[in-house]
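Trainee: Here is a sequence with its predicted model. Questions after.
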Amino acid sequence: MKDENPYRPYSPDHSLARCACGMHASQHEHDAEHGAASRVSPQDAETLSRNFLEMAAVRALFPHDAVRRRFLRAVGVNAARAAIASVLPLADLQAMAEEKRPLEKKDLKIGFIPINCATPLIMADPLGFYREQGLDVTLRKTAGWALVRDQMLNHELDASHFLAPMPLAISMGLGSAGQPMRVAAIQNVNGQAITLALKHKDNRDPKNWKGFKFAIPFEYSMHNFLLRYYLAEHGIDPDRDVQLRVTPPAEMIANLRAGNIDGFLGPDPFNQRAVYDQVGFIHILSRDIWNGHPCCAFGVTQDFIDRNPNTMAALYRALLKASASAHKQENRPAIARAISTQNYLNQPETVILQALNGHYADGLGHVCDQPDRTDFQPLPWYSMATWMLTQMQRWGYIKKPVNYDALAQKVFLLTDARSQMKALGQDVAHDAMTTGMRKFTVMGRDYDPADPAGYLAGFAIKHA
C-alpha cells in the first residue's frame with residue numbers, strides 16, 4: 001500500500017528521526033542531496049496538519065524507531081494502521097487539530113491605493129479569498145500615502161497597503177509620530193517604470209537630464225530610492241540637478257500632460273496609462289534597475305497583531321493564497337478584469353493587463369514581452385529592509401546610527417510569513433529559512449547584506 005503521508009510514518013525503510021540513509025537530519029535533505037524528487041508536494045494547510053499529526057502519533061507510540069520499523073516489517077502497513085487506530089483515535093485528534101480558532105475580529109477595514117501593486121490585497125475581495133477565511137473586509141480606497149499613514153496611526157484602518165519602506169520609517173518616527181509598524185508580506189516585486197513625456201523621445205540619456213522635474217509618489221518609497229539610485233549612477237545628483245516632486249499616482253498623468261513634470265518613476269497602471277493616453281513613453285522598467293525589488297507591502301501595527309492573533313493568521317492565509325494565484329500568469333486576465341472596476345482601480349482593463357502580463361506597448365512604437373515586468377512574491381526578506389535603510393541613510397533621511405539588522409528583523413515579519421507559507425504548502429527558499437538575507441544586484445552593483453556600511457561607502461554621490 002502506498003504511503004501518501006510525506007513523513008512516511010508507515011514506511012519500515014524510513015526513520016522518523018532522520019533520513020533513510022541515516023546521514024541527514026531529514027528525508028527532505030536526503031532527497032535534495034541525491035537529486036530525488038521530493039515526496040512532499042504542495043498541500044493545503046489542513047492536509048499538512050493531518051499528515052504531521054499522524055506522524056507525531058506514530059512516533060509517540062513507537063519512541064524507539066527501530067521497534068517501529070521491525071513492527072511494520074512484521075505485520076505490514078494495513079495491519080499496522082488498523083492496530084494503531086484501535087488504540088489511538090487519530091481521526092478525532094485530526095479533526096480537533098483542524099478546528100479553526102475563533103477570530104477575534106471579523107469585520108476589518110483595510111486601506112489601499114488604487115494601483116497594480118496592491119493586486120493581491122484587492123483581488124482577495126472580489127475573488128473571495130477573505131470570505132474563505134471567515135473575514136468580512138471593507139476595502140477603503142485612499143488618495144495618497146500620507147493619508148494611509150495617518151489613518152493607520154489614528155487606528156481608522158485595521159491594516160493597509162503600504163509602500164515597503166513606510167513601516168520602517170513610521171517605526172523610526174521619520175516624517176510622523178513613531179509607532180511600531182510591521183510588514184507582514186510583500187505585495188509585489190518589480191512593477192514600476194520610469195516614464196517620460198513624449199517630447200523627450202530623443203533625449204534618453206540620463207546624463208542630459210539636469211533641470212528635469214520628476215514625480216514620485218512618496219518620499220519613503222522604493223520609487224524615490226530607485227529613481228535616486230538610477231540618476232546618481234548616471235552622474236546626476238537627485239537633490240541638486242533635478243527636482244523631485246511628491247505627487248499622488250493618480251495625478252501623475254495629468255501633470256505629465258500639462259508639462260508640469262518631465263517624467264515620473266511611478267507604479268502601474270499609470271506608466272502604461274501614459275502610453276495608452278499617448279502622453280508618455282516607458283524609458284526603463286524598474287526590473288531593469290533591480291530585478292526582484294520589492295515595492296509595496298501589507299502592513300499592520302504590532303498592537304493589531306497582539307490583540308488579534310487568529311484574525312492575523314486568517315489575513316495571512318487570504319493574502320498568501322491571493323499572491324500565489326497572482327503569481328501565475330494564466331490567472332492574470334481574470335485578475336485584471338476583477339480589479340479594473342470603478343470600486344477598485346477604475347482603469348481600462350487592457351491597461352492593467354498589459355502591465356500585469358508584460359505584453360505591452362512602450363510608447364516608442366514597440367510591442368514588448370517581459371513576463372516578469374511585475375510579479376507577486378510575498379516573502380519580506382530582511383535584506384530588502386536593510387537595503388532600504390542604506391538608501392535612507394545615503395540621502396540623509398536617517399540622521400543617527402541605526403542597527404540595520406535589528407530593525408529589519410523587528411519590522412519585516414519574515415519568520416511569520418514563511419511559517420504561514422509552509423503551512424499552506426507554498427515553496428519557501430532555503431535562505432529564507434536560515435538567515436533571511438539574500439544577496440542581489442542593483443544596476444551592476446552587488447549588495448551584500450553582511451556589509452551594508454561598505455556598500456554605502458562605495459557611492460560617489462550621497463548626502464549621508
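Mentor: Yep, it's here.
Trainee: Contact partners for Arg73?
Mentor: If a contact means CB atoms under 8 Å, 6 or more residues apart in numbering, then Arg73 has Pro12 as its contacts. For every residue, glycine as well, the C-beta is placed using N, CA and C.
Trainee: so it is in which element?
Mentor: helix 65-75 (DSSP states H and E).
Trainee: next one: Gly436
Mentor: Residue-wise, Gly436 maps onto no helix or strand under DSSP H and E.
Trainee: And for the one 10 residues further on?
Mentor: Counting by DSSP H and E, the element that carries Asp446 is strand 445-447.
Trainee: Report the mean per-residue pLDDT for that strand.
Mentor: Here strand 445-447 scores 97 as its mean pLDDT.
Trainee: do stretch 423-438 as well
Mentor: 91.
Trainee: Pull out the CA atoms of that stretch and give them to me as PDB.
Mentor: Only the C-alpha atoms of stretch 423-438 are listed here, as PDB (Å, rounded to 0.1, in the frame of the first residue of the first chain):
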ATOM      1  CA  ALA A 423       1.500  25.700   6.500                       C
ATOM      2  CA  LEU A 424      -0.200  26.400   3.100                       C
ATOM      3  CA  GLY A 425       2.300  24.100   1.300                       C
ATOM      4  CA  GLN A 426       3.900  27.000  -0.600                       C
ATOM      5  CA  ASP A 427       7.500  27.000  -1.500                       C
ATOM      6  CA  VAL A 428      10.000  28.800   0.700                       C
ATOM      7  CA  ALA A 429      13.500  29.400  -0.400                       C
ATOM      8  CA  HIS A 430      16.300  27.800   1.700                       C
ATOM      9  CA  ASP A 431      18.000  31.000   2.700                       C
ATOM     10  CA  ALA A 432      14.600  32.400   3.800                       C
ATOM     11  CA  MET A 433      14.500  29.500   6.300                       C
ATOM     12  CA  THR A 434      18.000  30.300   7.700                       C
ATOM     13  CA  THR A 435      19.400  33.900   7.700                       C
ATOM     14  CA  GLY A 436      16.600  35.700   5.800                       C
ATOM     15  CA  MET A 437      19.300  37.600   4.000                       C
ATOM     16  CA  ARG A 438      19.800  37.300   0.200                       C
END
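Trainee: Just read off the phi/psi values of Gln192.
Mentor: phi -120, psi 180 (degrees, to the nearest 10).
Trainee: Tell me the bridge partners for it.
Mentor: Here Gln192 sits in beta bridges with Pro267, going by DSSP bridges.
Trainee: Do I have it right that it meets Leu265?
Mentor: Yes. Counting by CB atoms under 8 Å, Leu265 is a contact partner of Gln192 at 6.3 Å.
Trainee: Pull out the buried positions in stretch 272-287.
Mentor: By neighbour count with 16 or more other CB atoms under 10 Å, stretch 272-287 contains the buried residues 272-276, 279-287.
Trainee: residue ranges of the helices in the stretch 301-450 of the chain, please?
Mentor: 302-307, 309-327, 332-339, 349-357, 382-394, 404-411, 414-423 (DSSP state H, counting those that start in this stretch).
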